[in-house]
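Participant: just coords:
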């Protein structure tokens, strides 16, 4: 069963029925937002049932739209937390990807600014590698980007989408070896992205991120995961009641190949490893349960079928 | 409002120059500094990591007086001030309290202040100096230039002399030739280095 990411938007009236319907057709709700009288559900539903769901929610004035970024965790790598890069453009891009369903985290580098002095430390590298994709927000000068990218990409294993002031062709020319995506004309700027021209640039970033993530999905599909991350999320929510007391907006963050569980590793890792998924197969059998470099969280990396010989 | 006579950002990378001109413009506008700048010329070199900005300010001799932003109306033993904007309301009230006492000053609403039983005439109230904008302009300008300069350029040197100023920043030790570059940029504006 292929699950596709979609977003449901509708009124609060009878939204419980929509949630039940999504679960009944074998879907999973990743995140629920209630905004005044509106409900937004980010969910995975079986590909064959998307049209059915779209028709079924019409009577309650609901709308189902494709959201390719749902179920992804994206690192927005900013060169620093200074006013030079924040809130524009770093926060603008992080917020825009969030609107389309991604869970974005801002990773600000301790020694990111400058050219010769720029560095990436091991903690930053590991935190970025825990995500599905990293958006690198660079400055406006070709020479700086050319010099810094060599250092800042060292050890990064996740796809990188590079944003910078020079145009896309220039970025493509100066970065060697190539990265996965490029968005030009989005370097450092000091104004809010509210004009249509600025919003078009944000759309370009999202389009490039979507393209890179789609390619990643295709690669994963060639050797499918032993279990769907959304299913693991549901299971942990059911079997580990402590997760319900976590106040974070997403206590369980779904990624393309895993899950971030916002519970202390030392206390809960063993319990999570032992949870039975189906017919004696436990989470520990199909996924690596590792400590996260982000606080004391747990990161689950689901192993592919070729490693486990199991699909549950 | 005076127009800026000269506003140029130079850079070996044309696209970089264009973007930095936009950044400088936004920062000066955001910090209300464009009205005090008469000439501005900056040079950014990402090759040797150097940022040089030079400029000339407008002559800031105007003190802000009550009459500049308020109508002063004497009426039935009191003086009513109707404010056009509240930018200088707080410093004005502070001065009134010190001079006339808090009992004599009544703020009816955001834009109206009544003075009762004070010794000064309406004409004298109009002439009271409320603020001197030149006091903070240098501080604000340095802050703005720090924002405009590329991040990571933490070795800085700046100088203000009268209306002329320069600001140099780099991530490396500042080269000896920097003075010559500052002088050259002043010359491009038709000015002399302070």
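Facilitator: Noted; the coordinates are in hand. Note that this is a predicted model, so its numbers are computed, not measured.
Participant: Please identify the buried residues of the helix or strand containing residue A:203?
Facilitator: Counting by DSSP states H and E, the element that carries residue A:203 is helix A:196-222. Counting neighbours by 16 or more other C-beta atoms under 10 Å in any protein chain shown, one finds that the buried residues in helix A:196-222 are A:198, A:201-202, A:204-206, A:208-210, A:212-213, A:216-217. Just so you know, the C-beta spots here come from the backbone N, C-alpha and C atoms, and that holds for glycine as well.
Participant: which residues are in contact with the helix or strand just after it?
Facilitator: Where DSSP H and E defines the elements, the next helix or strand beyond helix A:196-222 is helix A:229-239. Contact with helix A:229-239 is made by A:3, A:28, A:30, A:44, A:71, A:243-244, A:252, A:254-259, A:261, A:272, A:275, A:277, A:283, A:287, A:300, A:302, A:312, as judged by C-beta atoms under 8 Å, 6 or more residues apart in numbering or on different chains.
Participant: quick one: the helix holding residue A:203 to chain centroid distance?
Facilitator: Centroid separation for helix A:196-222 versus its chain: 12 Å, with C-alpha atoms, centre = their mean, to the nearest Å.
Participant: Which residue is most remote from the mean position of the chain?
Facilitator: All of this refers to chain A. Distance to the chain centre peaks in chain A at residue A:59, reaching 31.7 Å (criterion: C-alpha atoms, centre = their mean).
Participant: nope, chain B please
Facilitator: The C-alpha centroid of chain B is most remote from residue B:76, which lies 39.7 Å away (C-alpha atoms, centre = their mean).
Participant: burial measure for residue A:302, as a count.
Facilitator: Residue A:302: 24 surrounding residues under other C-beta atoms under 10 Å in any protein chain shown.
Participant: what's it in contact with, if anything?
Facilitator: Counted by C-beta under 8 Å, 6+ apart, residue A:302 has contacts A:225-227, A:229, A:232, A:257-259, A:286-287.
Participant: Tell me the residues of chain B that contact chain A?
Facilitator: Within reach of chain A by C-beta under 8 Å from any C-beta of the partner chain, chain B has these residues: B:11, B:13, B:15-16, B:19-20, B:22-23, B:26-27, B:30, B:44, B:46-47, B:49, B:147, B:150-153, B:171-172.
Participant: let's go with 7 Å and repeat that
Facilitator: B:13, B:15-16, B:19-20, B:22-23, B:26-27, B:46-47, B:49, B:147, B:150-152, B:171 (C-beta under 7 Å from any C-beta of the partner chain).
Participant: So which residues of chain A form helices?
Facilitator: Secondary structure of chain A (DSSP state H): helices at A:15-24, A:50-56, A:90-99, A:122-129, A:142-152, A:168-174, A:196-222, A:229-239, A:265-273, A:283-286, A:305-308.
Participant: quick one: contacts for residue B:104?
Facilitator: B:115-118 (C-beta atoms under 7 Å, 6 or more residues apart in numbering or on different chains).
Participant: can you pull the pLDDT of it?
Facilitator: For residue B:104, the pLDDT comes out at 93.
Participant: now the residue in chain B positioned nearest to chain A: how far from residue A:307?
Facilitator: Nearest residue of chain B to chain A: residue B:152, at 2.8 Å (C-beta to the nearest C-beta). Counting by C-beta to C-beta, to the nearest Å, the gap from residue B:152 to residue A:307 is 43 Å.
Participant: These two: which is more packed in?
Facilitator: Neighbours were counted for residue B:152 and for residue A:307 using other C-beta under 10 Å; residue B:152 has more, 23 against 12.
Participant: can you tell me the helix or strand for the more buried one?
Facilitator: Applying DSSP H and E, one finds residue B:152 in no helix or strand.
Participant: Got phi/psi on it?
Facilitator: Dihedral pair for residue B:152: phi 100, psi -10, per degrees, to the nearest 10.
Participant: That one and residue A:114 touch, don't they?
Facilitator: Yes. In this structure, residue B:152 is within contact of residue A:114 by C-beta atoms under 7 Å, at 2.8 Å.
Participant: Sketch out the low-pLDDT regions of the stretch 101-250 of chain A for me.
Facilitator: Counting by pLDDT under 70, the stretch 101-250 of chain A contains no low-confidence residues.
Participant: Can you pull out the residues in contact with stretch A:251-270?
Facilitator: With C-beta under 7 Å, 6+ apart, stretch A:251-270 has contacts from A:30, A:71-73, A:103, A:132, A:216-217, A:220, A:225, A:229-230, A:232-233, A:236-237, A:240, A:242-243, A:246, A:248, A:272, A:287, A:289, A:291-292, A:296-302.
Participant: can you check stretch A:139-150 too?
Facilitator: With C-beta under 7 Å, 6+ apart as the criterion, stretch A:139-150 contacts A:115, A:118, A:138, A:164-166, A:170-171, A:174-175, A:187-188, B:13, B:16, B:19-20, B:46-47, B:150.
Participant: That stretch: how far from the chain's middle?
Facilitator: Relative to the chain's own centre, stretch A:139-150 is displaced by 26 Å; criterion: C-alpha atoms, centre = their mean.
Participant: Identify each buried residue in it, please.
Facilitator: By neighbour count on 16+ other C-beta under 10 Å, the buried set for stretch A:139-150 is A:139-149.
Participant: Please apply the same query to stretch A:55-70.
Facilitator: Buried residues in stretch A:55-70, counted by 16+ other C-beta under 10 Å: A:56-57, A:62, A:64, A:67-70.
Participant: Skipping its backbone neighbours, what lies nearest the residue sitting nearest the centre point of chain B in space?
Facilitator: In chain B, the residue lying closest to the centroid (C-alpha atoms, centre = their mean) is residue B:137, at 3.8 Å. The spatially closest residue to residue B:137, leaving aside those adjacent along the chain, is residue B:36, at 5.6 Å (C-beta to C-beta, 6 or more residues apart in numbering or on different chains).
Participant: Next up, the contacts around the one you found.
Facilitator: B:57-58, B:60, B:137.
Participant: and these as TSV, adding secondary structure and pLDDT?
Facilitator: Compiled in TSV, the contacts of residue B:36 are given as follows (DSSP: H, G, I helix; E, B strand; the rest coil; pLDDT from 0 to 100):
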residue	secondary structure	pLDDT
B:57	strand	91
B:58	coil	86
B:60	coil	70
B:137	helix	86
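Participant: Filter these down to the buried ones.
Facilitator: Counted by 16+ other C-beta under 10 Å, these give B:57-58, B:137 as buried.
Participant: give me the element the residue lying closest to residue B:191 once chain neighbours are set aside is part of.
Facilitator: Spatial nearest neighbour of residue B:191, excluding adjacent residues (C-beta to C-beta, 6+ apart): residue B:56 at 5.8 Å. In the assignment (DSSP H and E), residue B:56 maps to strand B:50-57.
Participant: repeat for residue B:94
Facilitator: Using DSSP H and E, residue B:94 maps to helix B:89-100.
Participant: Pull the residues that contact that helix.
Facilitator: By C-beta under 7 Å, 6+ apart, the surrounding residues in contact with helix B:89-100 are B:66, B:83, B:105, B:107, B:115, B:118, B:128, B:130-131.
Participant: now with 8 Å?
Facilitator: The contact list for helix B:89-100 (C-beta under 8 Å, 6+ apart) reads B:66, B:70, B:83, B:104-105, B:107, B:110, B:113, B:115, B:118-120, B:128, B:130-131.
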